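**Student:** What follows is a predicted structure for the sequence shown.
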Amino acid sequence: MMSKYVTGAVAALALGALATGGAYAQGTVKIGLIVSMTGQQASTGKQIKAAVDLYMKQHGDTVAGKKIEVILRDSGSVPDHTKRLAQELIVNDHVNIIAGFEITPAALVAAPLATKAKVVELVMAAGTSIITEKSPYIVRTSFTVPQSAVIIADWAAQNKIKKVVTIVSDYAPGYDAEKSFTERFKSHGGQILQAIRVPLANPDFAPFLQRAADAKPDAIYIFVPSGQGGTFMKQFTERGLDKAGIKLIGTGDVTDDDLLPGMGDAAIGTVTAHMYSADHQSAANKAYVAAFEKANHFRPNFMSVGGYDGMHLIYAALKKTKGKADAESLIAAMKGMKWESPRGPIEIDPQTRDIIQNIYIRKVEKKDGQLYNVEFETFKAVKDPVKAAKK
């Protein structure tokens with residue numbers, strides 16, 4: 001395998017130079033992979049990079065007669081770094097595709113660059129609904145936060161949860177998670193006792209959990225980005241909320257498969273809605289998990305399938321275009337594409353360039369001595385509800 005991961009930085013270039021940044025190396029399709037290998041979102045970067053490596057190991061580094069070259073850049077979990085790196089990749093390295101984007105601010109700062117340079121921006125992680133609306137060249141293989149938020153609201157209402165305190169991270173996906181859950185839960189007659197927002201950077205959940213406990217809800221609805229669930233679960237237990245009979249529900253980020261094995265038995269019983277679990281019972285997923293764990297010695301999480309499916313989408317689009325790698329050709333090929341992912345059947349919505357996928361209700365259970373998100377209910381072919389409501 002000849003995939004190249006090129007590290008380091010090059011000098012920042014003027015935005016005006018982007019207009020000429022779309023030159024393509026003949027015979028090579030270049031993918032600029034911008035993820036956090038260090039900093040607060042490093043676990044996401046590690047998962048995506050491992051999935052990209054695995055896909056190329058399994059499928060080779062040549063497709064439709066073109067060599068695939070991946071150029072890795074570490075954003076260090078700083079969105080401003082993402083903007084500079086995307087600019088350098090487009091102008092200096094002449095990439096055809098910029099990919100990765102573990103958090104919404106990173107995806108958003110790159111959007112104007114993708115538009116100006118006419119390169120594909122492939123979002124493998126960030127989940128705020130509006131992202132794909134910010135450039136005609138953005139396509140997403142991860143999820144939107146509202147896809148899971150409305151499903152867990154439906155489940156809560158159906159399971160005699162009447163009063164909820166919401167706790168979300170204070171940034172765009174948190175607002176999506178709060179709004180989507182609250183509107184759907186209230187439509188079922190549910191009551192929101194308090195809506196709490198916590199700092200995104202280095203949060204201390206303890207005082208917010210105490211406020212939630214004092215409100216005596218039936219459940220706490222939680223949204224935190226991938227990587228922070230372990231801290232939340234530890235403080236949830238230390239405050240004794242698990243013993244106070246308060247249920248914990250949320251989107252799947254809080255019981256991230258990457259961190260779940262270290263969360264301890266306090267996580268058992270947590271119910272979440274999400275698009276992937278390492279325990280998903282399909283032949284495709286069992287093969288994926290086995291290959292991923294053999295290659296990396298850790299469990300794949302939902303961020304990993306965003307990366308793995310992102311590479312599949314690139315390869316499939318290049319086959320369809322017979323190797324044409326300009327943004328217009330690739331985006332046209334990607335729209336409406338369907339395939340069987342480790343997470344289940346998925347499709348790129350031809351109208352929104354967002355992902356359509358199953359959302360699963362899962363409960364944390366112990367299997368063979370390890371904690372897993374065990375799926376027990378499926379909502380099929382869920383579109384982003386925010387965009388669906390605009391139609």
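**Tutor:** Arrived safely.
**Student:** just so I have it, where are all the helices in the stretch 101-250 of the chain?
**Tutor:** Ranges of helices within the stretch 101-250 of the chain are 104-117, 145-158, 172-187, 206-214, 229-238, based on DSSP state H, counting those that start in this stretch.
**Student:** Nearest approach to residue 382 belongs to which of the ones you listed?
**Tutor:** helix 145-158 (5.1 Å; Cβ to Cβ). In short, each C-beta sits where N, CA and C put it, glycine included.
**Student:** Show me what counts as buried in the closest one.
**Tutor:** By neighbour count with 16 or more other Cβ atoms under 10 Å, helix 145-158 contains the buried residues 145-157.
**Student:** Pipe these into a markdown table and attach pLDDT per row.
**Tutor:** As requested, the buried residues of helix 145-158 are exported to a markdown table (pLDDT from 0 to 100):
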| residue | pLDDT |
| --- | --- |
| 145 | 96 |
| 146 | 97 |
| 147 | 97 |
| 148 | 97 |
| 149 | 98 |
| 150 | 97 |
| 151 | 97 |
| 152 | 98 |
| 153 | 98 |
| 154 | 96 |
| 155 | 97 |
| 156 | 97 |
| 157 | 97 |
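**Student:** and which of these is nearest to residue 242?
**Tutor:** Nearest member of the buried residues of helix 145-158 to residue 242, counting by Cβ to Cβ, is residue 156, at 17.5 Å.
**Student:** State the number of residues packed around the residue nearest to that closest one when sequence neighbours are not counted.
**Tutor:** Spatially, and ignoring its direct neighbours in sequence, residue 156 is nearest to residue 249 (5.7 Å; Cβ to Cβ, 6 or more residues apart in numbering). For residue 249, the tally of surrounding residues (other Cβ atoms under 10 Å) stands at 23.
**Student:** With residue 59 instead?
**Tutor:** 14.
**Student:** Next up, the contacts around it.
**Tutor:** Going by Cβ atoms under 8 Å, 6 or more residues apart in numbering, residue 59 touches 311, 315.
**Student:** do you know how far it is from residue 308?
**Tutor:** 10 Å (Cβ to Cβ, to the nearest Å).
**Student:** Ok, residue 356 next?
**Tutor:** Distance from residue 356 to residue 308, by Cβ to Cβ: 17 Å.
**Student:** Tell me which of the two has more neighbours.
**Tutor:** A count of neighbours by other Cβ under 10 Å puts residue 308 above the other of residue 356 and residue 308, at 27 against 19.
**Student:** that's a helix at that one, yeah?
**Tutor:** Yes. Under DSSP: H, G, I helix; E, B strand; the rest coil, residue 308 falls within a helix.
**Student:** wouldn't it be in contact with residue 343 here?
**Tutor:** No. Contact between residue 308 and residue 343 fails when scored by Cβ atoms under 8 Å: they sit 9.4 Å apart.
**Student:** per-residue pLDDT, the spatially closest residue to residue 199 that is not a sequence neighbour?
**Tutor:** Of all residues not flanking residue 199 in the chain, residue 170 sits nearest, at 5.8 Å (Cβ to Cβ, 6+ apart). Looking at residue 170, its pLDDT reads 95.
**Student:** Contact partners for residue 170?
**Tutor:** 197, 198, 199, 200.
**Student:** Residue 201 versus that one, what's the distance?
**Tutor:** 10 Å.
**Student:** shared neighbours of the two, anything?
**Tutor:** Going by Cβ under 8 Å, 6+ apart, no residue sits against residue 170 while also sitting against residue 201.
**Student:** and the helices of the stretch 101-250 of the chain, which one is worst for confidence?
**Tutor:** helix 229-238 - the lowest mean pLDDT of the helices of the stretch 101-250 of the chain, at a mean of 89.
**Student:** which residues sit against it?
**Tutor:** So helix 229-238 is contacted by 203-206, 209, 220, 222, 224, 242, 248, 253-256, 259-260, 262-264, 266-267, 270 (Cβ under 8 Å, 6+ apart).
**Student:** Need the buried ones from the residues you listed selected in PyMOL.
**Tutor:** Restricted to buried positions by 16+ other Cβ under 10 Å, the PyMOL selection for those reads:
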select buried, resi 203+205+209+220+222+224+242+248+253+254+255+256+259+260+263+266+267+270
